[in-house]
Structures are given as structure tokens and as C-alpha cells.
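*Asks:* Attaching a predicted model along with its sequence, questions to come.
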Amino acid sequence: MNEPLIIAGQEIKPGSRQIVDFPLPPLSAHSELDIPVHVIRGKKDGPCLLVCAALHGDEINGIEIIRRLVGLKSISRLSGTLIAVPIVNIYGFIHMSRYLPDRRDLNRSFPGSEKGSLAARLAHRFMQEVVSKSTHGIDLHTAAVHRDNFPQIRANLDDDETLRLAEAFRAPLIIDAALRPGTIREAAVARDIPWLVYEAGEALRFDEVSIRAGVRGIVNVMREIGMLAKKRSSAALMPRTVKSNFWIRAPQSGISRLTVKLGAQVNKDDVLGYVSDPYGENETPVIAPNTGIIIGRTNLPLVHEGDALVHLARFRNTDTASEAVDQFQSELDPEENESVSGADPIV
Ligand SMILES: [Zn+2]
């Protein structure tokens, strides 16, 4: 039997969809504030998947992923419920900032509390009204400002259900990521809700490949858990699990010129770029200490000694990981595959 589903005081009946306005404390100027929550409920019972974005207010790729996701025709035929929240940290979003107005990080404030800071209250209400109604979750992020991430899933792979979702998403790379205190992922896992974090692209930018991969990945997960009809498996390569990952840091302060792209395979001792002083002198190369694949990089050339420049992932077999990366890029590259832009494309 379908249980009643009530979010922010509104009941959403089976076989219906609506946008619930989730009220939050107003701005200091007294403007009313609420966040829209898409709730799409199938006639048939099934899992309740929560997809949320912009917990960091400047990470906007996920907003576009959700816009495309809820516009898919196939979504209206789902079993169970999709709850999609394009902007969780509306305060940060308004200011194009990662943080809340008091500089707190919402994704370090979970599960929150009723009487705590603004961040704690927002986290608490979101847990009560939305997360606790869900059976599975996907949280959409990008790299922090001035940095770019190659599309990747971060999850706790020790849990079988989470591993199943992580593989079903079909991002090219998976990182077995320890739970970080205060994150929504930690709070959800404490409630036995399997949870994925999708990290792709750069803050304050749209990245077409990351967006397409995100929409496709969520649909793949919905198929895996029985919310959408299964499709015959395509030739998509299995995602590759990262063995270890670390940042290569600036050897000196100055101006960096990185010469490697995201997704590139590099070999031990390859030159990844240079850092020089602003006059082009005292140049120091940035050297790869290991063979691996570039999964993140800074796009800001102004660096201090020790700043993170290039995020390198190591694999048991770098060549097969690189193959998965290449196939992924050619499947989703907008220039090679024009037909996949638009509303109901890649699924
Ligand atoms: Zn983030």
C-alpha cells in the first residue's frame, strides 16, 4: 500500500506531481524565502529517491541536471517517488557563494538542530521534511570555486546497496570516500539511506558533459532500483574504482600554467605544467609523482606554494581506467554527438 507522503504540510497523492514550496527563515530585508521541491509520485509503489543540488550555493551544475531530469517524458511513468530539490542552500545561491550568510558550510552542519544556527536549522528541517522520507539519495556537487572535477561518484563502497547504485550510475570513475562529519551523506547513512555524491565540473559554471552524465546517471540508478523500466544494457564500460587519490601541490608561489586536461592519463615523472614568477623567471616544473588520471585541477593560475594544483587518481590498471574515461568522453561530448543536447536525449 502507498503510504501518505506529506512534505511541508502538503500531501502528494500517488499518480500526481507538484512543486512544494518549502518555507525557510526570511532574508534580513524581510523578503520571504522558500525552496521549490519537485515531488513526482508514480501510481505504483516503489523506492523514494531524493536528488538534491546546490547544498553549496555556487555549485550550479546540479540545478541544470535536475531541470532536465524532471522534464524527461519517462519520469511521468515512474514507480515510487522522485523528490528533486534544485537549490538547497538558497541563501548561498542568491550571493553566488558556497556558504550561508554567516559563513557556515551547510554541508558540514548536518543533521542540524531545531534551535541551532541558521545552518543547523536549515539542515534539521531538510532532514525532517525531505531526507527522512527518502529511501535512496543522490547529492549533486561540483568542485569548489576556480577548480574543476572530472565526473566521479563518491560513496561508501563497503555497503552493498550503495556499491550497486554507484556502479549503476555509470560515471566513469568511483571513489570509495570516507564519511565526512556534518555532511548530508553522513546524516543520511546514519538513517540507513544509501547515498551517492556526484562530483562534476566547476562552481558557477555549466559543464555540458557533466550535466549530461548526471542526468544519465540518475536515470540509470532509477532503472537499477526499479523506478523506471530496465533497458537492455548498452556497451557502457563498467566504472573504474580509484585505488588512491591525492593533490599535487604548487612547488612555489607564482603563476601556474597547467598543460594537462581533466581525464588525461599521465605517467610518473611527466611534466604537468609550470609555476614561475610573474616575469616568467624562476620556473619550476610540476611533476607527476605517479602514473594515474587527472580527476581535478585548479583553473586559477595565481598560486601560493602548497596550493592544490592537480588531483591525481591512481588505479590498479590505469590503461583500462583510461579506456573507460575515453569512451565516456566520446559518448557525451557535445561536439561529437549533437543529437544528445535537448530535453529527452541520452536516456
Ligand atoms: Zn560541494
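*Replies:* All right, it came through fine.

*Asks:* okay but Pro239 is in contact with Leu163, surely?
*Replies:* No. Taking contacts as C-beta atoms under 8 Å, Pro239 lies outside contact range of Leu163: 10.7 Å. The way it works is simple: take the backbone N, C-alpha and C, and place the C-beta from them, glycine included.

*Asks:* Of those two, which one has the most company?
*Replies:* Comparing Pro239 with Leu163 by other C-beta atoms under 10 Å, the one with more neighbours is Pro239, at 22 against 17.

*Asks:* Spit out the contact partners of that one.
*Replies:* Neighbour list for Pro239: Ile153, Ala166, Glu167, Phe169, Arg170, Ala171, Pro172, Leu173, Ile174, Ala324 [criterion: C-beta atoms under 8 Å, 6 or more residues apart in numbering].

*Asks:* buried stuff in the host helix or strand of Gly62?
*Replies:* According to DSSP states H and E, Gly62 maps onto helix 61-71. Applying a neighbour-count criterion of 16 or more other C-beta atoms under 10 Å, one finds Asn61, Gly62, Ile63, Glu64, Ile65, Ile66, Arg67, Arg68, Leu69, Val70 buried in helix 61-71.

*Asks:* ok, back up a step: will you turn the contacts of Pro239 into CSV that also has neighbour count?
*Replies:* Output for the contacts of Pro239, formatted as CSV (neighbours: other C-beta atoms under 10 Å):
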residue, neighbour count
Ile153, 29
Ala166, 28
Glu167, 19
Phe169, 25
Arg170, 24
Ala171, 27
Pro172, 28
Leu173, 25
Ile174, 22
Ala324, 20
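
*Asks:* between the residues you listed, which is closest to Gly15?
*Replies:* Ranked by distance to Gly15 (C-beta to C-beta), these are led by Phe169 at 27.3 Å.

*Asks:* Residue numbers of the stretch 1-150 of the chain in contact with the ion?
*Replies:* His56, Glu59, His141 (C-beta under 5 Å from the ion).

*Asks:* isn't there a helix covering the first one?
*Replies:* In this case it means His56. No. His56 is assigned coil when assessed by DSSP: H, G, I helix; E, B strand; the rest coil, not a helix.

*Asks:* Read off the pLDDT value for it.
*Replies:* The model reports His56 with a pLDDT of 98.

*Asks:* Check the second one too.
*Replies:* At Glu59, the model reports a pLDDT of 98.

*Asks:* Am I right that Asp207 is in contact with Ile60?
*Replies:* No. At 10.1 Å, Asp207 does not count as touching Ile60 under the criterion of C-beta under 8 Å.

*Asks:* Distance-wise, check Val130 relative to the ion.
*Replies:* According to C-beta to the ion, to the nearest Å, Val130 and the ion sit 18 Å apart.

*Asks:* what does Val85 give?
*Replies:* Between Val85 and the ion the distance is 14 Å, computed by C-beta to the ion.
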